[in-house]
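> Here is the input, now give the coordinates:
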Amino acid sequence: MKIYTRTGDKGDTGLIDGSRLSKSHLRIIAYGEVDEANSHVGLIISKIEIDSIFDDVRKILLGIQQDLFVLGAELANPNSGKDNKMLVRNEMISTIEKHIDNFESELKPISYFILPGGSVESSLFHICRTVVRRAERSAVALAMEQGINQEIVTYLNRLSDLFFVLARVTNKRKKRNDIPWKLN
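Here you go, the predicted structure:
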């Protein structure tokens, strides 16, 4: 099987149901941003050493990659939300919320804004957080234009929260301080 098909050379792409859309369509943008987020998660996984203080994080990230692939596949289905074949389910959101609760228990509460940074890995989590927020905005725009599974938007919202918490946990475990934002 060749990697190139030439079918997208005129600016459109195929969907799961065989229909075609412009590559600038909100549906394509939304699942493309989910794919981008998944790639950033893969980068973080590659930066985490095996048998390290981040084994628990690595395992969770591998599961998130699977979830993001499912989420992207559902966005690539123009019948998503209409055919009752919704792939993104509330249980996936509940799992993310449990991870947030578990990791937050390691942290002291903050009452100030923090800037991305502290450690490379923490910065990578902040990049994931912002890419997921962008994907969430695209999914919201798509939902306003066409019906999609609302759990997609909720999952992306919780995932960005998890990445914020993981950025803080990473700094704590690496004995780095979060960087507070200060008004000049």
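
> hey, where'd the strands end up in the chain?
12-14, 20-22, 114-115, 179-180 (DSSP state E).

> Give me the average confidence score over the first one.
Looking back up the chat, that one is strand 12-14. The average pLDDT within strand 12-14 is 71.

> ok so, going back, could you dump the strands of the chain to a markdown table with distance to residue 74 and mean neighbour count?
All C-beta atoms are positioned from the backbone trio N, CA, C, and that covers glycine. Putting these into a markdown table (distance: least, CB to CB, whole Å; neighbours: other CB atoms under 10 Å) gives the following:
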| stretch | distance to residue 74 | mean neighbour count |
| --- | --- | --- |
| strand 12-14 | 16 | 15 |
| strand 20-22 | 15 | 14 |
| strand 114-115 | 33 | 15 |
| strand 179-180 | 36 | 12 |
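
> give the contact list for the residue most central in space within the chain.
Nearest to the mean C-alpha position of the chain, by CA atoms, centre = their mean, lies residue 132 at 4.3 Å. When contacts are counted by CB atoms under 8 Å, 6 or more residues apart in numbering, residue 132 touches 37, 156, 159, 160, 163.

> Surely residue 47 touches residue 123?
No: if you go by CB atoms under 8 Å, residue 47 and residue 123 don't touch, sitting 10.4 Å apart.
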